[in-house]
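Engineer: okay, predicted coordinates and the sequence, questions at the end:
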Amino acid sequence: MLNEAPGGTPGAAGEDATIAEYRKKVPPATLDDVVAHIDHAVKIGGIDAVGIGSDFDGVFCTPSGLEDVSKFPNLTRALLAKGYSEADIRKIYGGNTLRVMRAVEAEAKREQAGTTARN
C-alpha cells in the first residue's frame with residue numbers, strides 16, 4: 001500500500017519503499033511505448049475495441065511525452081505517423097467508448113420495454 005505524502009498525494013516524500021526501488025530499476029514508459037501498446041491492442045482486438053482515457057488525476061507515473069492531457073497532440077502525431085487514420089484516432093480517443101455506451105443504453109431500454117410489456 002502506498003504511504004501518502006502530506007496533502008494526500010503519493011510522491012517522493014511519502015512513497016512506499018517498494019515503489020521507490022521499482023522506479024530505480026524500471027525506466028518510465030515513453031510515448032513510443034504507448035503507441036506500441038495501442039498498436040498491439042488494435043492487432044489483437046481490432047480498431048473498434050480500443051480506447052484510451054485521459055484522467056491523469058492522482059497518477060504519479062506517466063509516460064515521457066504524455067505527462068498530461070495537454071500532450072495528447074504528441075500521441076495524435078505519433079499515431080498518424082504510424083499510419084492510423086483520423087477516423088481511427090477518433091475511435092481510440094472516445095468514439096468506441098461512446099458507441100458501446102449507446103449500445104448498452106439502447107439494450108437497457110429494449111429490456112425495460114420488454115419487462116413493461118409483460119407486466
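Structural biologist: Thanks, I have the structure now.

Engineer: for this structure, what's the longest helix?
Structural biologist: helix 96-118 (DSSP state H).

Engineer: buried ones in it?
Structural biologist: Residues of helix 96-118 classed as buried: residue 96 (neighbour count, 16 or more other CB atoms under 10 Å). All C-beta spots, glycine's among them, are computed from the backbone N, C-alpha and C.

Engineer: contacts for that helix next, please.
Structural biologist: Residues outside helix 96-118 that contact it (CB atoms under 8 Å, 6 or more residues apart in numbering): 48, 49, 50, 51.

Engineer: tabulate the CA atom coordinates of the lowest-mean-pLDDT helix or strand in the chain in CSV.
Structural biologist: For the chain, the helix or strand with the lowest mean confidence is helix 17-25, at a mean of 81 (criterion: mean pLDDT, DSSP states H and E). Extracted as CSV, the C-alpha positions of helix 17-25 are listed here (Å, rounded to 0.1, in the frame of the first residue of the first chain):
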residue,chain,number,x,y,z
ALA,A,17,9.9,1.9,-0.5
THR,A,18,8.9,-0.9,-2.9
ILE,A,19,7.7,1.7,-5.5
ALA,A,20,10.8,3.8,-5.0
GLU,A,21,13.0,0.7,-5.6
TYR,A,22,11.0,-0.2,-8.6
ARG,A,23,11.4,3.3,-10.1
LYS,A,24,15.2,2.9,-9.8
LYS,A,25,15.2,-0.4,-11.8
